[in-house]
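Q: Need coordinates for the following:
(chains A and B)
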Number of protein chains: 2
Amino acid sequence: MQKTVSIKDIFSNPSDYLGQQVTVAGWGRTIRDQKQFCFVDLADGSCLPMLQVVATTDLSNYSELVKAGNGAALIVTGKIVNAPQGNRPVEMQAHTVEVEGISPSDYPLQPKRHTVEYLRTIAHLRPRTNLFNAAFRVRSEAAFAIHDFFHKRNFVYVHTPLITGSDCEGAGEMFTVTTLDQKHIPFNDQGEVDYTQDFFGKHTHLTVSGQLNGEVFAQAFKNIYTFGPTFRAENSYTPRHAAEFWMIEPELAFADLNDMMGVAKDMLQHIITHILKNCPNEIEFFNKFIDKGIKDRLEHVATADFAHVTYTDAIELLKQAKQDFKYPVYWGVDLQTEHERYLTEQLFKKPVFVTDYPKEIKAFYMRLNDDNKTVAAVDCLVPGIGEIIGGSQREERLDYLTKRLAENNLPQEEYWWYLELRKYGSTRHAGYGLGFERLIMYLTGISNIRDVLPFPRTTGSAEF
Amino acid sequence: MQKTVSIKDIFSNPSDYLGQQVTVAGWGRTIRDQKQFCFVDLADGSCLPMLQVVATTDLSNYSELVKAGNGAALIVTGKIVNAPQGNRPVEMQAHTVEVEGISPSDYPLQPKRHTVEYLRTIAHLRPRTNLFNAAFRVRSEAAFAIHDFFHKRNFVYVHTPLITGSDCEGAGEMFTVTTLDQKHIPFNDQGEVDYTQDFFGKHTHLTVSGQLNGEVFAQAFKNIYTFGPTFRAENSYTPRHAAEFWMIEPELAFADLNDMMGVAKDMLQHIITHILKNCPNEIEFFNKFIDKGIKDRLEHVATADFAHVTYTDAIELLKQAKQDFKYPVYWGVDLQTEHERYLTEQLFKKPVFVTDYPKEIKAFYMRLNDDNKTVAAVDCLVPGIGEIIGGSQREERLDYLTKRLAENNLPQEEYWWYLELRKYGSTRHAGYGLGFERLIMYLTGISNIRDVLPFPRTTGSAEF
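A: The predicted model follows:
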C-alpha cells in the first residue's frame, strides 16, 4: 500500500512536518459534520493522542466521508498545519480521504461513556477505546522493559514448559491437559483412569510456576529468567484473580537473599522509569481518569530507597499500630493486604522488603534459617497495592531439602531431578516471581485484572 | 555474597583485568590434578568459552579442590594473567578456592562424548554441556532480537490467550483443558458430556494460534505481534514436531502482502545479524561441530535479496527441474520440503517468497485473489530448511469471508467477533507466523526440535 507516516511520529517531530503533505491511515473515532467542513479525530494506534483532521466540502467525496460513521477506517492525505491544542501540537487539513472501511451506525463504540463491564463483553473492540489502548500499550512497554533489563545484565531467557507431568504441587488447583475422549474415558483393571492411553502416557496439567525448571537453567547459566503464562484452576470471582496470567521468574545462582533483593529493586525501578519515559500520555491519562496520584507514586518509587524489615519485626510493628485491622496479627500468621499496605503506605511510606517468614506458611523449597523456625523468604510490598513480588533463597542443601519434602508429604521420587541439582555442583541461589498483571495494575491504577488482560480467562468465562 | 566478575566480562576486556585480582564463581567442568598443580576449566554460564584456572599445592585446601569432582561449584579468587589459547585470551592463577558444592564421581557429565539422545534423558543437566549451553543462549538472544526488532518499529506486543473456548479449528488436534474429575465425568440429559460443570462452563482447548485474537489488536494498534506458546496434539514422532512450541505472529493493518513480506524479510535479517554479532563463539561452535557451512549460510542470508515467485510459476519451474522428486508436482498440490529446498537452494540460491497459492490448500481467512482460484498467501523458504515463515493477506471483505466460512463448513456464530472486525472499520491487513523452534534450528543447525526446547513435550513424553 502507499507509504504512510504515524501520528506518533508527527507529534514527536511537529516542526519537521509543518507545511508538509503526508498520508496517515487510521480510524476516525468521531467524524463530526459541521455542514461547511467536518472534524475527524483520527487514531492510528501509534500513540494515545489523536490527530485532528479538518475536511471541507471541497473534498470530492465529502458526503461519503461524513456518512462513513464513527469508527470508520480512513486513509487521509493532507497538510500538517499549526494548531496546538492540549497534547496535540498540530492538525491536518485533508486533501484527499479514502474510506477504507465504513462503520455502520450500530457500531457499539459511539462517543459516550461506557462501563468497563460493558466493554468486557466486546473485548474485540475495546482496544479501540482510550482506556484500553493506554492499558495495552503500557502492558507492551512493560514487557519490553523487563526483557531489556535482564538482557542488559546477561540473564538468559528460558521458556519453561507449560504442560507438566508432575502433579504434586497442589493438583486440586491445576487444569488437566488431555486428549482422552471425554465421553469415553478409558479405565484400567484397577478401575482407575488409564492415563497410559493419554497423549503423554500419563496425567498432565498446566503449570502453576516455571521455577523448578528455571533452577535447572540457573545451575548452568547462573542468571536466568522466565516470562511466560501460568495457570490456576481456582474458583475465584475476585478482581485480582485470573485462571491464565503471565509471570516473570528470575533465578540467580551464587546468590543469597540480599543479592536477589537488589535485582528485584533494580528491576522494578527500571520498569517504572521506562514507563514514565515512554508512556507519558498514558500515565497522564491514568492519573486523570483512573487513579489520581499514580504519577506521583510511580515517580517516588522510581528513585526511592526500599525499606527492609524482618517478618518478626513487622509483626511487632503491626501490633503497635494505632489502627484496627480486620484480620488478627500474631507471629505465625500470613500477612494480609491490609497489613502489607499499612507497612508500606503508613509506616515506611516507601517500598518494603519483608524477610524471614515462618517456615510453616512458606513453600518447601525455601532455605531454612539457622533459627530453624523461619525461612529465607521475601515479599516486596509497594504503596497502593501491597505485595508485588515474592521470592526466596532456595534450599541448596540436599539433606535439608529432602527433610522438607518429607515434612510436606511430597514424594521424593517425583523430585529426583530437582534433588540432583543439590547433589552435583549445588550453589546458594535465590529467585522471585513477579505477576505481570499485578504489575500492570500497579502501573496503571486499573483495579480489575480483567481489564489488563487482552482476553481474560476467569471462572466461568473463556470468551473470544 | 561477595562480588564476582563474569568470565564474559574478563574475556571481553582482558587488558582491563590483566594483573588484577578478581573473584569468579562457576562450575569446574573438569578439574585435572597434575600433582604439583591442577587445571580447572571454569564455566560460569556467562559465555561459551571457559576460564582456565591454575591452582598449585600452595592452596591450603588443595586436596579438597582436586577431590571436589568434575562439575563442582567453585568460587575462585585469583590473578588474571596473560596466556592466550584459542578464544581464551587470559587465564587465572588461583589464590583461594572455595568449594561451594561438590560433585560426586557418579556425575553423568564426565568429560567424554555423550549422544544427544542420552542427554535428553538428563534434561536437568544438559544445559551444562557446550552444545546445549550454546543452543539455549542462541535461543535467548533470538527472543531478544525479535522483541527488539518489533519494539523499535512501535509494534505492540500482545499476549493472546492460551486457553480457547472455540473448538472449530480442527479440534481433533487440540488438547482439552478441563477441571472435570476424569474418573466421574458428568453427563447431561442428552447423554453428552456436561461441560456446563467444567471450569469455564464449556469445553475448552489449548490454542493452536493467536492469529485471530491478534487481528483484533491490529485493528486498534495497527502494528502488533504475539510471541507465546502454541500447542498441537498431533501424534508425531518426527524430529520437527513438538506438542508445545513458541510462535511469533505479527499482524499489520493498512497493509497488503508486499508490506508484510517486507517486514518478514527485515525481521529475519535483523535476527540473523543480531546472532552473528552477539553469539560469535556459539556460531563458530555450531559451524565446527554441528553443521559445517552454517556460518556462511547465515552471513549470506543476512544481506541477501529475497527472490519472489508465484506458486503457479514455482510449479512450472519444478516441472522443468532436472531433478527427481519423491512427491509429484502439479498445480494444486501442496509443496513438500524437497520442492521448497530445490527452489531456495538449487534454483534461486537465496531466500524465496512463494505467493498466491490455490485456495483449496489454504485457510479460510486468506484473501481471495481476483482470479477466484488463488489466495494472497505467502511462504518464505530459506536454504537449509525450506519453509520458515507462512503468512497471508487476510480477507477483509465481510461477504467474501462469510462465504469462505460456509465453504469450509465453519459455523458463522462461533466467529461473530471475528466477522465484526470486517463490519466496523475494516482494513486491508496481513500477517504471518514464525515457528520459534524452527528458527532456532535454522540458526544453529540442530536437526531435532527436542534439542532446541528446554524441556520438550512430544507424543508420549512430558518429563521434567
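
Q: How is residue A:5 assigned, secondary-structure-wise?
A: Here residue A:5 is recorded as coil under DSSP: H, G, I helix; E, B strand; the rest coil.

Q: for the residue lying farthest from the centre of chain A, what are its contacts?
A: Within chain A, residue A:58 marks the point farthest from the mean C-alpha position, 47.9 Å out by CA atoms, centre = their mean. By CB atoms under 8 Å, 6 or more residues apart in numbering or on different chains, no residues touch residue A:58. C-beta: built from backbone N, CA, C; applies to glycine.

Q: what secondary structure does it sit in?
A: With three-state DSSP as the basis, residue A:58 sits in coil.

Q: For it, grab phi and psi.
A: Here is the backbone geometry of residue A:58 (degrees, to the nearest 10): phi -60, psi -20.

Q: go on, residue A:20?
A: phi -80, psi 150.

Q: Once you drop chain neighbours, what's closest to it?
A: Counting by CB to CB, 6 or more residues apart in numbering or on different chains, residue A:20 lies nearest to residue A:80, which is 5.6 Å off, once chain neighbours are set aside.

Q: wait, isn't the one you found in contact with residue A:17?
A: Yes: with contact defined as CB atoms under 8 Å, residue A:80 counts as touching residue A:17 (4.2 Å).

Q: sorry, back to before: would the residue nearest to residue A:20 count as being in a strand?
A: Yes: counting by three-state DSSP, residue A:80 is found in a strand.

Q: where's the residue farthest from the centre of chain A relative to residue A:36, distance?
A: Distance, residue A:58 to residue A:36, using CB to CB, to the nearest Å: 10 Å.

Q: Show me where the stretch 251-400 of chain A dips below the pLDDT cut-off.
A: Applying pLDDT under 70 to the stretch 251-400 of chain A picks out no residues at all.

Q: which residues of it fall in helices?
A: A:257-278, A:280-289, A:294-303, A:311-319, A:337-341, A:398-407 (DSSP state H, counting those that start in this stretch).

Q: which stretch among those helices comes nearest chain B?
A: Nearest of the helices of the stretch 251-400 of chain A to chain B, taken as CB to the nearest CB: helix A:257-278 at 6.1 Å.

Q: Just confirm yes or no for that closest one near chain B.
A: Yes: using CB under 8 Å from any CB of the partner chain, helix A:257-278 reaches chain B at residue A:259.

Q: List the buried residues of that helix.
A: If you call a residue buried by 16 or more other CB atoms under 10 Å in any protein chain shown, then helix A:257-278 has these buried ones: A:257, A:259-261, A:263-265, A:267-275, A:278.

Q: repeat for stretch A:58-65
A: Neighbour-count burial for stretch A:58-65 flags A:59, A:62, A:65 (criterion: 16+ other CB under 10 Å).

Q: end to end, how far does it reach?
A: 12 Å (CA to CA, to the nearest Å).

Q: I'd like the average pLDDT over that stretch.
A: The average of the pLDDT scores along stretch A:58-65 is 97.

Q: And stretch A:173-191, by the same measure?
A: The average pLDDT within stretch A:173-191 is 96.

Q: The residue nearest to residue A:26 when sequence neighbours are not counted: neighbour count?
A: Nearest residue to residue A:26, sequence neighbours excluded (CB to CB, 6+ apart): residue A:44, at 3.2 Å. Residue A:44: 25 surrounding residues under other CB atoms under 10 Å in any protein chain shown.

Q: next one: residue A:112
A: By the measure other CB under 10 Å, the count of residues near residue A:112 is 5.

Q: Likewise for the one 4 residues further on?
A: Counted with other CB under 10 Å, residues neighbouring residue A:116 total 15.

Q: Tell me if I'm right that it and residue A:131 touch.
A: Yes: Residue A:116 is within contact range of residue A:131, at 7.4 Å (criterion: CB under 8 Å).

Q: any shared contact partners between those two?
A: With CB under 8 Å, 6+ apart, residue A:116 and residue A:131 have common neighbours residue A:451.

Q: Assumed residue A:217 was part of a helix.
A: Yes: the assignment for residue A:217 is a helix, going by three-state DSSP.

Q: care to break chain A down by domain?
A: Using the TED database, the domain parsing of chain A gives A:5-99, A:128-170+A:207-449.

Q: circling back to that earlier point, how near is the residue farthest from the centre of chain A to residue A:97?
A: From residue A:58 over to residue A:97 the distance is 11 Å, taken as CB to CB.

Q: overlap in contacts of residue A:80 and residue A:17?
A: What both residue A:80 and residue A:17 touch, as defined by CB under 8 Å, 6+ apart, is the set A:10, A:90.
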